[in-house]
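Visitor: need a 3D model of the sequence below.
(one chain, ligands or ions: 1)
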Amino acid sequence: MLNRGLCVAALAAFVALHAHGEVTYSRDVAPILFHRCAACHHPNSIAPMSLLDYKSARPWARAIRQAVLLGKMPPWFADRSIGHFSNDPSLSASEKRTIVDWVDQGAKEGEPHDLPARPSYADGWRIGKPDAVIDIGQDHIIKNTSPDEYVYFTVPSNFTEGHWVRAVELRPGNRQVVHHAHVSVVMPKPHNPASDALQKGRSFSDFLFRTPDGLRHMKPDSPVVNDACAYKGPEIDGLHIAGEGALASYLPGMPPDIYPDDTAKWIPAGAQIRFEIHYHYESPSKEPVTDRTSVGLIFASAPPRHAIRRLDVDEDFFAISPGNPAQEVKQCATFDSDSLLLSLTPHMHYLGKDARFEIQRPGERPETLLLVPKYDFNWQLKYRLQDPVFAPKGTRLILTFHYDNSANNHANPDPGRTVRWGEPSHEEMMSGWIDFLDAGTNEHASIQ
Ligand code: HEC
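Guide: Residues are numbered from 1 along each chain as shown. Predicted coordinates for the structure are as follows:
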């Protein structure tokens, strides 16, 4: 059977080759590059070269062959044997074959009239004309002193009434330097009298200190909990924070968020908007540049049937020991109402090694929804579930991340150090962001 299948495949390939002649850029390769690569590989975008025309692509032919064969491009880090994701950009076996054959046959141009229409990348808003645009409130100057900089900007929304938002786009002011960015709605933390009493006034912020640049770090003598799911000790304020807030992210190559029909996100009156921007500026010879990143919002005309929410699951009390090649850190959270999970995003810094997201429905065994076996800090990918995953009330979400603090991790700035939670990239984070819908009737639609 197998042999016969192979023969038929080989025959089909033979017929295809002879029907079409040799593989050319214009007819065979451009459709693949336009569809799978050009979102990042077009002029003035995040990738080093455009693949939108033969002249720009040709010098990269061998590198393209290599990157495609190794699975380095397009970038995607989820284990393909687990789950299905609607934004998985991976090439099919036959697309890979076409690219490899093209290079092996001399990377010919072919007939320009065979070219498909080129996708256009307008500089304008991809969500359409926003109803409101909020920017970082200043022209931020990026100097050439350090290649990476994380900056937080908190600005008023000036909303005197709440708004349901059905599309959000975070638009970098200067694409050359904005590596990735998040925008959140900042609301006061819910007051928890029980934990206040237990802590005798000790709050999460008492465990933190600030460096002169204003960034927060975990104090070295704070309690250490690496497995928050199994933790049975005295209550620690902040150990089980599962917050809500982030609105949208700008991630390399990812399209903006346009929510499914009948769903929207709520921004309350008086909310502040917090931008968290990672600037990456590589050319030390260059003059300082400026950025003014903004977020565009399109309002829903009526309250949606389902509120879109985002759960931010953080573990902030871990300690990653010096040299440890696989420090495990776990955090759990429980859904307090029936929910439909839409997307999963792991977030770590330079030591991030792998990430697993599991759910455990009441009375059932854990099920892995996402495994990222080789996490890469440079690619802050969001994994959109092909079909929403139902998590009934009481479902536990289990996040298991590993960190490589050894010298074998080339991204590790200093293997000799205990690393704790902190905002700068050389400190660590353990966060999982989950977009979900309230699966029940929209009781949240009336929370205003
Ligand atoms: C999500 C954005 C994105 C997509 C999609 C993408 N690339 Fe890239 N590509 C980049 C960036 C950014 C770089 C430079 C940084 C790096 O090499 O990681 C790059 C680098 C490359 C390089 C140079 C690699 C090297 O070895 O130096 C090649 C070749 C390449 N891409 C080919 C492709 C091809 C072919 C596709 C589609 C099949 C593709 N890329 C899809 C963003 C992307």
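Visitor: just say helix, strand or coil for Asp101.
Guide: At Asp101 the chain is in helix, as set by DSSP: H, G, I helix; E, B strand; the rest coil.
Visitor: so it touches Val23, yeah?
Guide: Yes. With contact defined as Cβ atoms under 8 Å, Asp101 counts as touching Val23 (4.7 Å). Every residue, glycine included, has its C-beta placed from N, CA and C.
Visitor: those two: who's more crowded?
Guide: Taking other Cβ atoms under 10 Å, Asp101 and Val23 do not tie; Val23 has more neighbours (23 against 16).
Visitor: and the more buried one, what are its phi and psi?
Guide: phi -80, psi 130 (degrees, to the nearest 10).
Visitor: do the same with Leu399
Guide: Torsion angles, degrees, to the nearest 10, at Leu399: phi -110, psi 130.
Visitor: which pLDDT value goes with it?
Guide: We have a pLDDT of 98 for Leu399.
Visitor: just grab the bridge partners of Ala355 for me.
Guide: For Ala355, the beta-bridge partners under DSSP bridges are Val372, Phe401.
Visitor: i'd like the first residue to be 9 from this point on
Guide: Let's use 9 as the start, then, which means that last one is Ala363.
Visitor: just to check, it is in contact with Asp384?
Guide: No. Between Ala363 and Asp384 there is no contact under Cβ under 8 Å: 11.0 Å.
Visitor: neighbour count: these two, which is higher?
Guide: Between Ala363 and Asp384, Ala363 has the larger neighbour count (other Cβ under 10 Å), namely 25 against 13.
Visitor: low-confidence ranges, the stretch 109-258 of the chain, go.
Guide: By pLDDT under 70, the low-scoring segments of the stretch 109-258 of the chain are 130-131, 153-155, 195-210, 249-254.
Visitor: for the ligand, what's the nearest residue on it?
Guide: His187 (9.5 Å; Cβ to the nearest ligand atom).
Visitor: list the contacts of that residue.
Guide: For His187, the contacting residues are Asp156, Pro260, His286, Tyr287, His288, Asn386, by Cβ atoms under 8 Å, 6 or more residues apart in numbering.
Visitor: shouldn't it be within a helix?
Guide: No. If the criterion is three-state DSSP, then His187 is strand and not within a helix.
Visitor: from Pro268, how far out is Ala308?
Guide: 12 Å (Cβ to Cβ, to the nearest Å).
Visitor: higher neighbour count, the two?
Guide: Ala308 (18 against 13).
Visitor: okay, buried residues for stretch 111-123 please.
Guide: Using 16 or more other Cβ atoms under 10 Å as the test for burial, stretch 111-123 gives Val111, Ala115, Lys116, Glu117, Gly118, Leu123.
Visitor: state the phi and psi torsions of the closest residue to the first one other than its chain neighbours.
Guide: Think Val111. With Cβ to Cβ, 6 or more residues apart in numbering as the criterion, Val111 has its nearest non-adjacent residue at 4.1 Å, and that residue is Arg73. For Arg73, the backbone dihedrals (degrees, to the nearest 10) come out as phi -60, psi -50.
Visitor: can you read off the pLDDT for Arg73?
Guide: For Arg73, pLDDT reads 98.
Visitor: check contacts around it.
Guide: Ile107, Val108, Val111, Asp112.
Visitor: now, which of these sits nearest Lys227?
Guide: Nearest to Lys227, judged by Cβ to Cβ, of these is Ile107 at 51.7 Å.
Visitor: ok, now how distant is the closest residue to that closest one other than its chain neighbours from the ligand?
Guide: Excluding the flanking residues, the one nearest Ile107 by Cβ to Cβ, 6+ apart is Val76, at 5.1 Å. Using Cβ to the nearest ligand atom, to the nearest Å, Val76 is found at 5 Å from the ligand.
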